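S.K.: dropping a prediction and its sequence here:
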Amino acid sequence: MRLGRTKFAAFFLSLSLACTVPQILAKKKDKASSTTDDQRRALHALNRLTFGPRPGDVQQVMAIGVDRWIDLQLHPEKIDDSALDARLEPLRTLRMSNKEIAEDFPDGQEIVQVMNGKRPMPSDPARKAVFQVQIARLEEKKERKEEDAKNAAAPAVAPERASVATGDGSAMPPPNAGSDGVNPATEASAMNGTMTGENTMAAAAAPKPSAEEQEQARLRQDQLYADLEIQQLPSLAPDQRFKKILDMSPEDQIAFANSLRGGKGQEVLVGLPAKQKEVLLAMNNPGQVVTGELAEGKLLRAIYSQRQFEEVMTDFWFNHFNVFMDKGLDRVMVTSYERDVIRPHALGKFEDLLVATAKSPAMLFYLDNWLSVGPNSARALGIPPRAGLYGYRYPPRNFPPRNKAKGNNGLNENYGRELLELHTLSVNGGYSQRDVTEVAKVFTGWTIETPAQGGAFKFDPRMHEPGPKFVLGHRIKPKGEDEGLEVLHRLATSPQTAHFISLKLAERFVSDDPPSDLVDRMAKTFLKKKGDIREVLNTMFHSPEFWNDGSYRAKVKTPLEFVASAVRATGAEVEDARSLTQQLNRMGMPLYGAQPPTGYSMKAETWVSSSALLNRMNFALALTGGKIRGVTVNPTQLAGSNSPSPTDVGLTLSTLESTLIASGVSKQTHDSIAAQMDAVAARGGTQQKPAMGAAPGKPDKGARPPDASVIAGLLLGSPEFQRR
């Protein structure tokens, strides 16, 4: 039966989900119960303010009171989250500074500099091992390229017999050769099968291995030896394993690093302290350690944090102020960006958050503002530093364009445009292209100090465009860094910004097309409370629009929300979140992987399609069936049975509906799952009632009990669970 789960999922989708896609997009209202129902209100609050309820959460919220619970989530500092800290403890990079990450997990540029002798090899044995493996790989790659180029350039000459060149340019047979160029002794030995000296006929006929073939044979032998060593490593104590790997030759270390790509090397990591584990993983891919731990940390927070709303808002603001982790040095900077910029301001003042993102090295690097140079700045015009900070008139008199410094990157408008279009006013915010250019001039000089070493924000007056600027009808006086702060203040307090931010919050928490009256009230609070995000959210959560029937289960979950909510709903134990991050990659939502500054869409149309829903169904069945590595689920416990095999389909289904979805399962979903389980049982034995199409009164022998894991997986893939 397990082999046919994909077909089973597809069949169930054809019956249930396919006809539900239009309902999801149309946000069909659920009229099953009143909005005043306590259980429904608690479930609605959990679905919107968290990554989904866990078993027992609805009852706990009802006991506390929905309004009191919401107020508590709005003040996360009052919630103990020490249990989460213990889960995050092994992920050391989450607590490291940009500089520490850059030092311990070097990028390609640093490795090349060490390889070329421009920087010293680290003396620390662990860091040295990381560099040694990466350098050895680069050298191997370089040698292969040179060899390929050499082979491509060499003429294709294959003479039948070796010959000796004569002085006149002709060729003569080799010494001791007969008239046809063949050594008579060799010819005679070949004919009569006798031995000539110590050589057999085969040895005489076989060509001598080339130098390349001999080297390949040596490498194969070395590889076999290295593989044998790697296989023996898990039997050693963890500290002995680590020391033995550091003492290996670079060639053997490369073999070990390669084995970490799904090979025996993964067994070596078991039981190692976090730091040693990170070093060994970095030997394979330094950058992947940082990106992998950040993604794991995000999922663990979404699944286990008691401060659920803080995590939801951190995700919201990161998406709003999106940066792409795989853009060069942002790999080093995104960890600090989320930890030190987004999360601390997620429920504070919008202006504080806006300024923090503008000064963040991650944002400066992502949108290239760190390279932006004013056209008339001292740097662009080649004015020497001794001329002083603002020791020349504007426009400068004695430095014509022909004297501009080489390597000038020029004015970059990326940040100025996204600041107006995506971060504050919106695309319809009433600004012009001239405003974009003027804002870009304002932020020249906002750069990064030593970015390759994980440096912090700095203002460089020599890169800054001198003179006044004109932004949205306001004259910005020349005052260096403070010009940027003035523009950010004006944008943060603009009515257009208040409306845009309120609209995005309502789209995230109410519906894809929220009521305009609600957005207007939220914007009014935004302006009155000077951008206090918590107050704006309070206005939304205490509005009738948030609680009405049209908002209930009106939002389709993003892949992140779906995966996290499925793990939470099943009460799964996550020992290794890496497999979950891979599932998100397959669903089209790699964490920190949105390349455009718009981030990921929160609207249903992006995530609803037959293929997307099938991927979700397959994930759900794999999760409940124990097929996700590092994640453990006990579906029979969810079904309320101490027996490993519940015996009644109807009872098992009803129990799991209550546990996983709480309420509101449609008759179509219930009947589809029940019918399919009956059909499966009919193929392998009877249930308590005849299967569809079976002859009554003639039950098959060997009845097979219902599979709780399959029922749980189908419920997680149902339309009701897809919506929040």
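M.R.: All right, it came through fine.
S.K.: can you give me the buried ones in stretch 87-98?
M.R.: Residues 87-88, 91-94, 96, 98 are the ones in stretch 87-98 that count as buried (16 or more other CB atoms under 10 Å). From N, CA and C alone the C-beta is placed, and that goes for glycine too.
S.K.: so of these, which ones are in strands?
M.R.: Judged by DSSP state E, strands contain none of the buried residues of stretch 87-98.
S.K.: low-confidence regions, the stretch 101-250 of the chain specifically.
M.R.: Applying pLDDT under 70 to the stretch 101-250 of the chain flags the ranges 155-230.
S.K.: likewise for the stretch 351-500 of the chain?
M.R.: Short version for the stretch 351-500 of the chain, where the test is pLDDT under 70: 386-409.
S.K.: roughly how far apart are A708 and T624?
M.R.: 8 Å (CB to CB, to the nearest Å).
S.K.: these two: which has the busier surroundings?
M.R.: Per other CB atoms under 10 Å, whichever of A708 and T624 has more neighbours is T624, with 29 against 26.
S.K.: got the confidence number for the more buried one?
M.R.: You'll see T624 listed with a pLDDT of 94.
S.K.: surely it is in contact with S709?
M.R.: Yes. With contacts counted by CB atoms under 8 Å, T624 reaches S709, the gap being 4.4 Å.
S.K.: avg pLDDT for stretch 312-330?
M.R.: Per-residue scores along stretch 312-330 average to 96.
S.K.: first residue to last residue on that stretch, what's the distance there?
M.R.: 22 Å (CA to CA, to the nearest Å).
S.K.: i'd like the first residue to be 33 from this point on
M.R.: Happy to do that; since the first residue is 33 now, the last one works out to stretch 344-362.
S.K.: off-centre distance for that stretch?
M.R.: Here stretch 344-362 is found 10 Å from its chain centre; the criterion is CA atoms, centre = their mean, to the nearest Å.
S.K.: tell me which residues in that stretch are buried?
M.R.: Neighbour count says stretch 344-362 has 344-357, 359-362 buried, by 16+ other CB under 10 Å.
S.K.: ditto for stretch 542-554
M.R.: For stretch 542-554, using 16+ other CB under 10 Å, the buried residues are 542-544, 546-547, 550-551, 553-554.
S.K.: buried residues in the longest helix along the chain?
M.R.: Longest helix in the chain, counting residues (DSSP state H): helix 157-185. Neighbour-count burial for helix 157-185, counted by 16+ other CB under 10 Å, picks out 158-159, 161-169.
S.K.: check stretch 614-623 too.
M.R.: For stretch 614-623, a neighbour-count test (16+ other CB under 10 Å) marks 615-616, 619, 621-623 as buried.
S.K.: hmm, M280 is touching F288, no?
M.R.: Yes. Counting by CB under 8 Å, M280 touches F288, with 6.8 Å between them.
S.K.: between the two, point out the one with more neighbours.
M.R.: Counted by other CB under 10 Å, M280 and F288 do not tie: F288 has more neighbours, with 25 against 18.
S.K.: where does the more buried one fall, phi/psi-wise?
M.R.: phi -70, psi -40 (degrees, to the nearest 10).
S.K.: what pLDDT does it get?
M.R.: Predicted confidence (pLDDT) for F288: 83.
S.K.: now the buried residues of helix 157-185 as a markdown table including distance to V665?
M.R.: A markdown table is the format used below for the buried residues of helix 157-185 (distance: CB to CB, whole Å):
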| residue | distance to V665 |
| --- | --- |
| A158 | 37 |
| R159 | 39 |
| A161 | 38 |
| V162 | 36 |
| F163 | 41 |
| Q164 | 42 |
| V165 | 37 |
| Q166 | 38 |
| I167 | 44 |
| A168 | 42 |
| R169 | 39 |
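S.K.: quick revisit: restricted to helices, list the buried residues of stretch 614-623.
M.R.: Reading helices off the buried residues of stretch 614-623 with DSSP H, I get 615-616.
S.K.: just the closest of the buried residues of stretch 614-623 to L379, please.
M.R.: L623 (21.7 Å; CB to CB).
S.K.: roughly how far apart are that closest one and V595?
M.R.: From L623 to V595 the distance is 10 Å (CB to CB).
S.K.: go on, N351?
M.R.: Distance, N351 to V595, using CB to CB: 16 Å.
S.K.: now do A184
M.R.: 48 Å.
S.K.: equivalent analysis for K309, please.
M.R.: 24 Å.
S.K.: between these two, who's got more neighbours?
M.R.: Applying other CB under 10 Å to K309 and V595 shows that V595 carries more neighbours, namely 27 against 19.
S.K.: quick one: contacts for that one?
M.R.: Applying CB atoms under 8 Å, 6 or more residues apart in numbering to V595 gives the contacts 331, 612, 615-616, 619, 651.
S.K.: same question, A524
M.R.: 382-383, 386, 456, 563.
S.K.: out of the residues you listed, which one sits closest to F489?
M.R.: L386 (14.2 Å).
S.K.: nice, that's everything, thank you.
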